[in-house]
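A.B. asks: fold the following and give me the result.
(one chain, ligands or ions: 1)
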Amino acid sequence: MHRHLTRLSSALELTADQAPVVEAWGRKLASVLTGGGRLLACGNGGSAAEAQHLTAELVGRFRGERQPFAAMPLHADTSSMTAIANDFGAEEVYARQVWAHGREGDVLICLSTSGSSGNVLAAARAAGERGLTTWALTGRAPNPLAALCDEVVAVPADDTATVQEVHLAMIHMLCDSIEEACA
Ligand SMILES: O=C(CO)[C@@H](O)[C@H](O)[C@H](O)[C@H](O)COP(=O)(O)O
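C.D. replies: Next comes the predicted model:
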């Protein structure tokens, strides 16, 4: 097998025992979203794309027909992002949006392969203060984001691309679990 696939396959195997956490997140999120709550999602680079991938599955649909859910990728509002970075500093780009859009009982999901990106850590802190539930998808633990969030799924791999690929599998599992809980 190509070494890229070998790394992915081994990371998937090592992460499989955390699948029940993702399934539980799906059940909890189904209840939050059907109850009128909201999912906020953030990350940088490839993880921003994955945050947006997740929210798109929820606003649109994953597999089956169901109501659209309220889910926002925090990097996607470029005017707010640039204004916040310019006026308050780059580290605040997600935290300020958590204060703006998050409500008690909502969920913030943070994606970070290093678990140490300053803007994502600031978002998790803001969410905790605002009364949101905080979940993290990270690379190898321990890391600062895992320590800050209520729950974490940590991929025990060192390659950023591998961690991102496993995160995408977790995101699809999460969508499956949400839709199963809503069926
Ligand atoms: O996608 C890649 C590399 O695969 C990069 O864009 C990567 O996402 C960026 O370097 C991010 O800034 C990394 O942030 P993080 O995952 O450590 O929070």
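
A.B. asks: going forward, measure contacts and count neighbours with C-alpha atoms only.
C.D. replies: OK.

A.B. asks: output the contacting helices and strands for the longest helix anywhere in the chain.
C.D. replies: Determined from DSSP state H, the single longest helix within the chain is helix 160-182. Judged by 3 or more Cα pairs under 8 Å, 6 or more residues apart in numbering; DSSP states H and E, helix 160-182 is in contact with helix 3-15, helix 19-34, helix 46-59, strand 133-138.

A.B. asks: nearest the geometric middle of the chain, what residue?
C.D. replies: Closest to where the C-alpha atoms of the chain average out (Cα atoms, centre = their mean) is residue 109, at 3.3 Å.

A.B. asks: the longest helix of the chain: which residues count as buried?
C.D. replies: Applying a neighbour-count criterion of 16 or more other Cα atoms under 10 Å, one finds 161-168, 170-179, 181-182 buried in helix 160-182.

A.B. asks: what does stretch 70-88 give?
C.D. replies: Across stretch 70-88, burial judged by 16+ other Cα under 10 Å covers 70, 71, 72, 73, 74, 75, 80, 81, 84.

A.B. asks: let's see which of those end up in helices.
C.D. replies: Short answer: these in helices (DSSP H) are 80, 81, 84.

A.B. asks: how much space separates the residue nearest to the last one when sequence neighbours are not counted from the ligand?
C.D. replies: Which is residue 84. Once flanking residues are discounted, residue 84 sits nearest to residue 93: 5.5 Å by Cα to Cα, 6 or more residues apart in numbering. Noted for residue 93: a distance of 14 Å to the ligand, by Cα to the nearest ligand atom, to the nearest Å.

A.B. asks: distance of residue 93 from residue 52?
C.D. replies: For residue 93, the distance to residue 52 equals 16 Å [Cα to Cα, to the nearest Å].

A.B. asks: cool, and residue 39?
C.D. replies: Distance, residue 39 to residue 52, by Cα to Cα: 11 Å.

A.B. asks: what touches both of these two?
C.D. replies: With contacts defined as Cα atoms under 8 Å, 6 or more residues apart in numbering, the residues adjacent to both residue 39 and residue 52 are residue 72.

A.B. asks: between these two, which one's more packed in?
C.D. replies: With neighbours defined as other Cα atoms under 10 Å, residue 39 and residue 52 compare such that residue 39 has more, 25 against 22.

A.B. asks: for the more buried one, give me phi and psi.
C.D. replies: In terms of degrees, to the nearest 10, the main-chain angles of residue 39 are phi -100, psi 130.

A.B. asks: so it makes contact with residue 109?
C.D. replies: Yes: contact criterion Cα atoms under 8 Å: residue 39 and residue 109 qualify, at 7.4 Å.
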